[in-house]
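[1] I'd like to go over a predicted model; first the sequence, then the structure.
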Amino acid sequence: MGRGGDGNTWPRRWLRSRGRLSPAEDIEGEKAGELFPWWRRSSRQKLRLVRYDELPEYLKDNEFILNHYRADWPILDALLSAFSWHNETVNVWTHLGGFFLFLALTLVGYMDVIEQLRSTFSPTISRLMFLSINVSIGKNYTVNAISGSSNTHQVPRWPILIFLAGSMSCLAFSAISHLLACHSRRLNLFFWRLDYTGISIMIISSFFPPIYYAFLCHPLPRLIYLSSITALGSLSIITLLSPGFSSPRFRPFRAALFLAMGFSGLIPAAHALAVNWDHGAAHISIVLELAMAAAYAAGAVVYVSRVPERWRPGVFDIAGHSHQIFHVFVLLGALTHYAAIAVMVNWRVGGPGCAVV
């Protein structure tokens, strides 16, 4: 039997009869091309990086990045391109690396299981070490456990898990979108809407830990603020899922929408500071949250202005262009927010519980 170079082997005839034989089939009749034609292109159409003026319209987003584009690449080749250089490589790895970093932080949260085992042999030492863990997910902690006070208070950890899950979703969606959006117009639209949804999810999830712990003893404002940001974020996701808002001309609108969601936290932040003014941890966490806001705002400004590639088109095609800088600011902002959460949780764990009225 031949290798199918004539295009008449039975798998090709079967696929062709059902309209499933794409232009990306392997003309040379390789096994992957025979059975899964969407995986690879024809060997006669060797994959290459193209210039901006060679791109189809749906891939034209930043006219100041002149070269090293992937256009209409099959899924498998696009996935494998994560390990080669093009103008999306740094975008992929800044957030894929961030995903693994937050995954590690999540797994570290289960270290309390080890502490539980140690408590069997050394309860006092174990409790001291147990309370020293800043951020953990697996169980609740009892405030005043060391002092032996009868007025105990549980500090739930689920808000931290929501933040970590939201951050990992955003970072994963971003990395996979930058990797696979070059496949086709249909997937380009799908992945960028997925990317914007991930950003909204991350913003919403970021509010849960600080609001929950700042208003731990004030359930009504806690409920109002968390409900409001969830509603606002949900409306933003619905808006961004509209295909029209995915186009490059709505770049400033998207940035403004994300910033509006983020800075809507100013009101609960001011309220939280007023309620907890006598606690030093509240001031430290507010400073860290302001640093987070500055990082996100700086990233948004760079994202919209397309600096520095605007100044030197073509120079920053591979590394150093605005979207990569935006990714770094997002990751720095998320890590700063995580530090602020650690401060608040440590304060709640080691401080007095809520007064019983």
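    Cool, got the structure.

[2] every contact and neighbour count from this point should use C-alpha atoms.
    Noted.

[3] the helices in the protein, which residues?
    Taking DSSP state H as the test, the helices found in the chain are 10-17, 31-35, 75-80, 89-108, 112-119, 123-132, 158-180, 185-214, 219-240, 251-263, 266-275, 280-305, 322-350.

[4] so for Leu66, which of those helices sits nearest?
    The closest of the helices of the chain to Leu66 is helix 322-350. By C-alpha to C-alpha, the value is 13.6 Å.

[5] just list what the closest one packs against, helices and strands only.
    Using 3 or more C-alpha pairs under 8 Å, 6 or more residues apart in numbering; DSSP states H and E, the elements in contact with helix 322-350 are helix 89-108, helix 123-132, strand 141-143, helix 185-214, helix 280-305.

[6] turn the helices of the chain into TSV, including distance to Arg51.
    Output for the helices of the chain, formatted as TSV (distance: least, C-alpha to C-alpha, whole Å):
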stretch	distance to Arg51
helix 10-17	33
helix 31-35	27
helix 75-80	17
helix 89-108	16
helix 112-119	52
helix 123-132	54
helix 158-180	17
helix 185-214	18
helix 219-240	29
helix 251-263	22
helix 266-275	43
helix 280-305	21
helix 322-350	18
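
[7] pLDDT weak spots in the stretch 201-350 of the chain?
    Applying pLDDT under 70 to the stretch 201-350 of the chain picks out residues 244, 246-247.

[8] returning to that earlier point: now render the helices of the chain as CSV, adding mean neighbour count.
    Formatted as CSV, the helices of the chain follow (neighbours: other C-alpha atoms under 10 Å):
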stretch, mean neighbour count
helix 10-17, 14
helix 31-35, 17
helix 75-80, 16
helix 89-108, 19
helix 112-119, 15
helix 123-132, 15
helix 158-180, 23
helix 185-214, 22
helix 219-240, 16
helix 251-263, 16
helix 266-275, 15
helix 280-305, 19
helix 322-350, 22
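
[9] what's the pLDDT at Arg20?
    In this prediction, Arg20 carries a pLDDT score of 46.

[10] repeat that for the one 3 residues further on.
    On the pLDDT scale, Pro23 is placed at 45.

[11] re the thing from before, can you put the helices and strands packed on helix 322-350 in TSV and add distance to Ala165?
    Formatted as TSV, the helices and strands packed on helix 322-350 follow (distance: least, C-alpha to C-alpha, whole Å):
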stretch	distance to Ala165
helix 89-108	9
helix 123-132	23
strand 141-143	21
helix 185-214	8
helix 280-305	18
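
[12] returning to what we had before: looking at the helices of the chain, which is nearest to Lys46?
    helix 75-80 (11.2 Å).

[13] tell me what that closest one is packed against?
    In terms of contacts (3+ C-alpha pairs under 8 Å, 6+ apart), helix 75-80 is packed against helix 158-180.
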